[in-house]
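[1] Below is the sequence, then the predicted model.
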Amino acid sequence: MSDLLRPDSALDLAGSAADLLEVLRETPPLTHCITNAVVTGFTANVLLALGAAPAMVDIIDEAGLFAGVASGVLINLGTPTPEQRAAGAEAVAGATASGTPWVLDPVAIGALPVRTALAHELLAHRPTAIRGNASEILALAGLSAGGRGVDATDSTDAAFEAAVLLARRTSGVVAVSGPVDLVTDGDRVLRLANGHELLTRVTGGGCALGAVMAAFLGAATATDHDELTAVAAASLVYTIAAERAAAEAGGPGSFAVALLDALAAVGADDVRAAARIEAGVL
Amino acid sequence: MSDLLRPDSALDLAGSAADLLEVLRETPPLTHCITNAVVTGFTANVLLALGAAPAMVDIIDEAGLFAGVASGVLINLGTPTPEQRAAGAEAVAGATASGTPWVLDPVAIGALPVRTALAHELLAHRPTAIRGNASEILALAGLSAGGRGVDATDSTDAAFEAAVLLARRTSGVVAVSGPVDLVTDGDRVLRLANGHELLTRVTGGGCALGAVMAAFLGAATATDHDELTAVAAASLVYTIAAERAAAEAGGPGSFAVALLDALAAVGADDVRAAARIEAGVL
Amino acid sequence: MSDLLRPDSALDLAGSAADLLEVLRETPPLTHCITNAVVTGFTANVLLALGAAPAMVDIIDEAGLFAGVASGVLINLGTPTPEQRAAGAEAVAGATASGTPWVLDPVAIGALPVRTALAHELLAHRPTAIRGNASEILALAGLSAGGRGVDATDSTDAAFEAAVLLARRTSGVVAVSGPVDLVTDGDRVLRLANGHELLTRVTGGGCALGAVMAAFLGAATATDHDELTAVAAASLVYTIAAERAAAEAGGPGSFAVALLDALAAVGADDVRAAARIEAGVL
């Protein structure tokens, strides 16, 4: 990772991420998640460990209302039942009306028709941020048929063009998860090199990051940090915690447990010291 | 906690809780849970660790029947899909018809309309016990607009009046969870001071306690212990296990794991020795 | 367990299981699970830890399609919502059309009418393998009214006749889980004696094994190992991992974590060394 520079802008970003972590813990953002049945418990635990306030409100006639009072919203398409699809649409309308930032995680789109159609529908409402692996981002941009389920069959850099395209189309932020995370708002691009392979051996390792992004976006609204910074901060804090967890884990089971402990323990100074960022302008 | 007395009645309660724990382990109560998607796995693991027999039967045309053969039933409103709402109504009817004790956990009612209406509907069927945080108990009693989701924005004592009111209205037991748990049957009031803050950093930390109450109520039916005692016993055993878990946890992740180990390990003598109870008469 | 012989056929089976474990890790089988809400996260984590690629695709209009591209499919009836019931039927049709092996886990059938009817419907489509406890296998064969939920109220040997009957009726493999697992294809019978009691103290301890069987069946299609061998291999690897986990666990919570670590760590040589098999011909 010696090609990862720490220019002034990168140092700024690490500092901003550290600041946002403190803001989040001082005023826990109410983070509204409509997410898949596989990872809903783990996602709530990740948010609680970090210091945010999760609420998994995913039924019709509650989701829209709740998105209006939440600090940030996640719509994850992992197991989109009809109830969740309608609740997701409601939540997006509620978030849009109230200006609540929201994150779209288009899990396994491309090959699977129901969620693919839904993802494109939601995309038209301009998510504040989109998080996915390279295959999903390519599929959402219309540049690939998608992967075989939740596998990332494409490398992060393969989705660079798709990510920039999507960011410009939505005026939002796009984050591509992989060994090096790529985050862009269509003008600026960040490559974030923290993290650990064990994150791919725990279900929800990626999905929970989408929720953390919603929490950081919520925390950032009370500050002068922009959305790109908030999304990158979420990635940095999460992946730095993952590195600490991996250092004491004996496998994927103990890693998931240690990740929760690390998310609770990681401090602003740790983020400043450990962040590995490459910043650039398009 | 020096203001927590251990009068004779409190010693009796600690002894009764210890007895009920042994009864529960000898004849594991079949504990029927209709609970939210976020915590269903953790709740089942809590019951299994403790020694009870969980069954998460939450579909129409099975829930009513099953409530009739179960030892205790939990209706938790955390993510009430239409299927679960109908199954919950069925289960309450089945439990009522067969005399099975049942627990209502009105998660996040107040601000959210669907579950609030459902909670009031179920309330009319007189739950054997109600468990919630102060905000939820206040909202159920009609004394507050409720919290912002699952947060307890009111202190336990703030819900004292609401708890007594609800207990008298239902002829049941009401338990308010917080740093000090409050349990009342409308005539007697117990303050239970065991527990640990980490319970609030694990999703299901409160919800699983509702299931444990259903299990203890089921175990108690074969004894001469009353419902107040059963509900208080559940709180005591659960929160004493939480204290043991916290003593060896490095954060919320390892705490949740240690809590399951502690629930399996905690014995009748531990309960007798560690219980911190204040009993009173209204 | 001194009555457990290690004849040549048993040595062969241990070797085949070891081979299949290596095949699985080299080419992770895409394992499509339609499973219950209680264990879906744990099941995905078990598959990921082992080295397989889980995908929990359980909605209408996606499940059938996905079963056609998956390597193996699991249909678990633990919490069968109407959406999951329709998706399960779709998946079975998709799997049958494409020749994808599929596993039926008839959780808690017998006493509960909706899932019992569904299990018999699916049975007519001849699952590649069936996994259940003795009560469930008896109920599926029509030889018992079933247990009280997910309890195994009958011993494994009590289901011997039912298992052979079902295997012959479906031309498939039937696995009965218990202290000694029984696996039969109607001609041959295997008794597998690895495992640990703590598997019954973790929710999903049995359900996840059904998913592991689907993964091994998927891995075996590229080899000349038959279905009986694949199902037995899944049991052996899983229960040997459970033994390693139990050796360092302090209770059911730490056992579940250690099981995931052990599933990732267990190697082909461990399987060869630790397998305890009794093979026979009917």
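    The structure has been received and is ready for your questions.
[2] And A:Asn133, its phi and psi?
    Note on A:Asn133: backbone dihedrals following degrees, to the nearest 10 are phi -90, psi 180.
[3] In this model A:Gly178 seems to touch it, though I could be wrong.
    Yes: if you go by CB atoms under 8 Å, A:Asn133 and A:Gly178 touch, sitting 6.4 Å apart. No exception for glycine: its C-beta is placed from N, CA and C like everyone else's.
[4] who's more crowded, those two?
    A:Asn133 (25 against 18; other CB atoms under 10 Å in any protein chain shown).
[5] how close does the more buried one sit to chain B?
    24 Å (CB to the nearest CB, to the nearest Å).
[6] Near chain B, which residues of chain A? Just list them.
    A:30, A:37, A:40-41, A:44-45, A:48-49, A:53-62, A:65-66, A:69, A:81, A:83, A:256-265 (CB under 8 Å from any CB of the partner chain).
[7] neighbours around A:Ala222, how many?
    14.
[8] wait, what's in contact with it?
    Shown in contact with A:Ala222 (CB atoms under 8 Å, 6 or more residues apart in numbering or on different chains): A:23, A:27.
[9] what about it, which SS state?
    At A:Ala222 the chain is in coil, as set by DSSP: H, G, I helix; E, B strand; the rest coil.
[10] Flag every residue of the stretch 151-282 of chain A that's near chain C.
    So the stretch 151-282 of chain A meets chain C at A:151, A:200-204, A:250-254, A:256-257 (CB under 8 Å from any CB).
[11] Out of these, which one has the weakest pLDDT?
    Minimum pLDDT for those is recorded at A:Asp151 (50).
[12] what does the average pLDDT come to for stretch A:172-185?
    97.
[13] buried ones in that stretch?
    Residues of stretch A:172-185 classed as buried by neighbour count (16 or more other CB atoms under 10 Å in any protein chain shown): A:172-178, A:180-185.
[14] Which of those lies at the shortest distance from chain B?
    A:Ser177 (21.1 Å; CB to the nearest CB).
[15] Which parts of chain A are helices?
    Taking DSSP state H as the criterion, chain A contains helices spanning A:8-26, A:40-50, A:63-69, A:82-98, A:113-123, A:134-140, A:160-170, A:207-220, A:227-247, A:252-265, A:268-274.
[16] which parts of the longest one are buried?
    Across helix A:227-247, burial judged by 16+ other CB under 10 Å covers A:227-246.
[17] Only C-alpha atoms, please: export it in CSV.
    Presented in CSV, the C-alpha positions along helix A:227-247 are these (Å, rounded to 0.1, in the frame of the first residue of the first chain):
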residue,chain,number,x,y,z
GLU,A,227,-21.6,14.0,2.2
LEU,A,228,-18.4,12.7,0.6
THR,A,229,-16.6,13.2,3.9
ALA,A,230,-19.3,11.6,5.9
VAL,A,231,-19.4,8.5,3.6
ALA,A,232,-15.6,8.2,3.7
ALA,A,233,-15.6,8.7,7.4
ALA,A,234,-18.0,5.8,7.8
SER,A,235,-15.7,3.5,5.7
LEU,A,236,-12.6,4.6,7.6
VAL,A,237,-13.9,4.1,11.1
TYR,A,238,-15.5,0.7,10.1
THR,A,239,-12.5,-0.7,8.3
ILE,A,240,-10.0,0.6,11.0
ALA,A,241,-12.1,-1.2,13.6
ALA,A,242,-12.0,-4.3,11.3
GLU,A,243,-8.2,-4.2,11.3
ARG,A,244,-8.1,-4.1,15.1
ALA,A,245,-10.6,-6.9,15.3
ALA,A,246,-8.7,-9.1,12.9
ALA,A,247,-5.6,-8.7,14.9
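[18] For the stretch 151-282 of chain A, give me the ranges with low pLDDT.
    Across the stretch 151-282 of chain A, the ranges flagged by pLDDT under 70 are A:151-154.
[19] Which residues are in contact with the nearest residue to A:Ala67 once chain neighbours are set aside?
    Residue nearest to A:Ala67 in three dimensions, not counting chain neighbours: A:Gly94, with 3.5 Å by CB to CB, 6 or more residues apart in numbering or on different chains. Contact partners of A:Gly94, counting by CB under 8 Å, 6+ apart, are A:63-68, A:100.
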